[in-house]
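S.K.: turn this into a model:
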Amino acid sequence: MSLNTVVIIGGGQAGYQTAASLRQQGFTGKVTIVNNEPGLPYQRPPLSKGYLLGTLSAQHLLHRNEKWYAGQDVEVLAGHAVEIDRDGKRVVLEDGSALAYDHLVLATGAHNRKLPAPGADLAGVFGMKTQADADAVSERVRAAKNVVVVGAGFIGLEFASVAAKLGAKVHVLELADRPMARALSVPTSQRFRAAHEGWGVTFDFGLGLDRIEGEDGEVRRVIASDGRVLEADLVVYGIGVIPNTVLAEEAGLEISNGILVDGLLQTSDPDISAVGDAVNFPCVQLDSAPTRLESVQNAADQARALAARLMGKPADYIALPWFWSDQGDLKLQIAGMSNGYDNTVELEVADEKQMIVLCFRGDELLAIETVNRPGEHMIARRILAGEAALTPEVAGAAGFNLKEWEQASTAVPVG
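M.R.: Next up, the predicted model:
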């Protein structure tokens with residue numbers, strides 16, 4: 001395949017990393033990122049944390065500054081791609097211009113699932129996805145007295161911890177029976193619930209949203225599904241995202257809960273690949289089941305794997321998933337995925353603000369969750385990416401130490 005021009009649609013983590021990795025891999029052809037937001041590609045995770053608190057500036061959100069893009073000869077175009085002409089191998093932009101490509105990379109990401117309730121369009125009701133969202137929320141949260149958060153996932157709880165720290169009364173509504181139920185084991189979930197309640201956050205689980213009411217176009221109260229009335233001058237919701245697949249679907253690519261790709265991250269068109277939050281790929285950690293992950297790690301690692309393939313080093317994508325979330329003074333880190341776990345082992349730690357939880361299915365270690373234990377998180381990633389088998393019986397033994405076990409299991413016998 002002659003590869004002289006790569007066009008990347010999407011300026012998020014996956015899009016930026018694809019461009020950066022192509023240059024790192026030695027690609028000397030033309031690289032263009034089509035970014036549907038103004039400015040340069042930036043990091044999104046800090047939006048609901050440091051950026052919202054004001055401890056991180058807009059400049060520090062950027063993956064790279066203008067000098068880097070100029071020095072790497074990576075073009076960033078602000079605009080929306082509206083059509084993929086697969087026969088002509090062109091991307092048509094909303095202004096009618098077109099970009100020719102030898103290979104096209106779809107890094108289109110995902111958008112917030114809209115709040116399905118009357119009053120969701122009132123001023124003071126926000127999702128959190130873009131820098132513009134964070135800027136708008138930042139203006140209000142410092143003056144807010146009563147904040148309602150809909151959804152107790154990572155984004156909702158990161159924001160809840162910020163709002164509580166800034167002095168607001170925070171009430172979280174969640175349909176599940178505990179915080180971050182889709183991502184965390186019960187012990188870790190319970191620890192975060194207790195921490196948030198200690199910061200003054202109130203939870204209602206198994207409770208949905210009926211409607212939002214306002215006055216003069218501004219939010220004033222939330223009516224829960226049980227009829228309860230919650231005063232609110234700010235509502236922030238995080239109820240999941242929807243992959244951006246319209247462009248790919250209209251181009252005739254295979255779609256199923258995202259853009260379908262094979263283990264090499266190739267779509268149904270060999271000249272088009274896809275990476276990041278919009279991609280449904282065969283996940284080796286889940287027995288190659290079609291999986292769509294929303295994480296910085298996945299986006300960046302897929303981009304690196306794709307760049308290597310385009311530079312003649314193809315390999316199936318097998319990177320271990322890992323995740324993190326900063327909430328108050330707690331740093332949650334997860335290595336692996338606990339889907340289907342049926343047993344946990346919690347290791348002893350001296351500090352009540354720290355935690356190590358191992359999640360098993362039978363004798364198989366699926367994931368390790370840590371709180372304020374970055375060293376053990378790195379060990380966890382190595383263990384889960386390796387071949388040594390750690391069982392619940394071994395981990396549950398008195399005095400078990402994760403670091404010592406790793407050292408012993410990877411030691412090379414002498415003689």
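S.K.: which non-adjacent residue is nearest Val162?
M.R.: On the basis of Cβ to Cβ, 6 or more residues apart in numbering, the spatially nearest residue to Val162 that is not a chain neighbour turns out to be Leu52, at 5.1 Å. Any C-beta I mention is one placed from the backbone N, CA and C, and that applies to glycine too.
S.K.: ok so that neighbour is a strand residue?
M.R.: No - using DSSP: H, G, I helix; E, B strand; the rest coil, the secondary structure at Leu52 is helix, not a strand.
S.K.: how many neighbours does it have?
M.R.: Here the number of neighbours of Leu52 (other Cβ atoms under 10 Å) works out to 23.
S.K.: how about it, what does it touch?
M.R.: With contact set as Cβ atoms under 8 Å, 6 or more residues apart in numbering, Leu52 has these partners: 134, 137-138, 141, 159, 162.
S.K.: reformat the residues you listed as TSV; add neighbour count and pLDDT.
M.R.: Formatted as TSV, the contacts of Leu52 follow (neighbours: other Cβ atoms under 10 Å; pLDDT from 0 to 100):
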residue	neighbour count	pLDDT
Ala134	23	96
Val137	24	96
Ser138	16	94
Val141	23	96
Phe159	29	97
Val162	26	97
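S.K.: which of the residues you listed fall in helices?
M.R.: With helices identified by DSSP state H, the entries of the contacts of Leu52 that belong to them are 134, 137-138, 141, 159, 162.
S.K.: as CSV, those with distance to Val31 would be great.
M.R.: Compiled in CSV, those are given as follows (distance: Cβ to Cβ, whole Å):
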residue, distance to Val31
Ala134, 28
Val137, 33
Ser138, 33
Val141, 38
Phe159, 35
Val162, 36
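S.K.: name the nearest of the residues you listed relative to Ser325.
M.R.: Ser325 has its nearest neighbour among the ones in helices among the contacts of Leu52 in Phe159, at 11.2 Å by Cβ to Cβ.
S.K.: did I read that right, Pro46 in a helix?
M.R.: Yes - the assignment for Pro46 by three-state DSSP puts it in a helix.
S.K.: so who does it touch?
M.R.: By Cβ under 8 Å, 6+ apart, Pro46 lies in contact with 56, 60-61.
S.K.: can you rerun that using 7 Å?
M.R.: By Cβ atoms under 7 Å, 6 or more residues apart in numbering, the contact set of Pro46 is 56, 61.
S.K.: neighbours of Lys145, how many?
M.R.: Applying the criterion other Cβ under 10 Å, we find 11 residues in the vicinity of Lys145.
S.K.: identify the residue spatially nearest to the residue positioned nearest the centre of the chain, adjacent ones excluded.
M.R.: The C-alpha lying nearest the average C-alpha coordinate of the chain belongs to Ser295 (Cα atoms, centre = their mean; 3.0 Å). If you skip the residues right next to it in sequence, Ser295 has Phe323 as its closest partner in space, 5.3 Å away by Cβ to Cβ, 6+ apart.
S.K.: give me the secondary structure label for that neighbour.
M.R.: For Phe323, the assignment made with three-state DSSP gives strand.
S.K.: so Ile318 sits against Val284, correct?
M.R.: Yes - Ile318 lies in contact with Val284 (Cβ atoms under 7 Å); the separation is 4.8 Å.
S.K.: what's the spacing between the residue nearest to the centre of the chain and Thr55?
M.R.: Counting by Cβ to Cβ, to the nearest Å, the gap between Ser295 and Thr55 amounts to 23 Å.
S.K.: quick one on the thing from earlier: ramachandran coordinates for the residue nearest to the centre of the chain?
M.R.: Recorded main-chain torsions at Ser295 are phi -160, psi 150, according to degrees, to the nearest 10.
S.K.: over to the one 10 residues further on?
M.R.: In this entry, Ala305 is assigned phi and psi values of phi -60, psi -40 (degrees, to the nearest 10).
S.K.: ok, the nearest residue to it once chain neighbours are set aside - how many residues close by?
M.R.: Residue nearest to Ala305 in three dimensions, not counting chain neighbours: Tyr317, with 4.8 Å by Cβ to Cβ, 6+ apart. A count of nearby residues for Tyr317, using other Cβ under 10 Å, gives 22.
S.K.: same question, Lys89
M.R.: Counted with other Cβ under 10 Å, residues neighbouring Lys89 total 18.
S.K.: got it, and the one 5 residues further on?
M.R.: Applying the criterion other Cβ under 10 Å, we find 11 residues in the vicinity of Glu94.
S.K.: with Ile255 instead?
M.R.: In terms of burial, Ile255 registers 18 neighbours under the definition other Cβ under 10 Å.
S.K.: ok, which stretches of the stretch 301-415 of the chain are helices?
M.R.: Assigned by DSSP state H, counting those that start in this stretch, the stretch 301-415 of the chain shows helices spanning 374-385, 392-395, 402-410.
S.K.: as TSV, these with mean neighbour count and distance to Ala81 would be great.
M.R.: As requested, the helices of the stretch 301-415 of the chain are arranged in TSV below (neighbours: other Cβ atoms under 10 Å; distance: least, Cβ to Cβ, whole Å):
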stretch	mean neighbour count	distance to Ala81
helix 374-385	18	35
helix 392-395	15	49
helix 402-410	14	46
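S.K.: so which of those comes closest to Leu99?
M.R.: helix 374-385 (37.5 Å).
S.K.: now do that closest one: distance to the chain's middle.
M.R.: Helix 374-385 has its average C-alpha position 19 Å from the chain's average C-alpha position, going by Cα atoms, centre = their mean, to the nearest Å.
S.K.: how close does Tyr101 get to Val246?
M.R.: Distance from Tyr101 to Val246, counting by Cβ to Cβ: 19 Å.
S.K.: more neighbours: which of these two?
M.R.: Counting neighbours by other Cβ under 10 Å for Tyr101 and for Val246 shows that Tyr101 has the greater number, 24 against 11.
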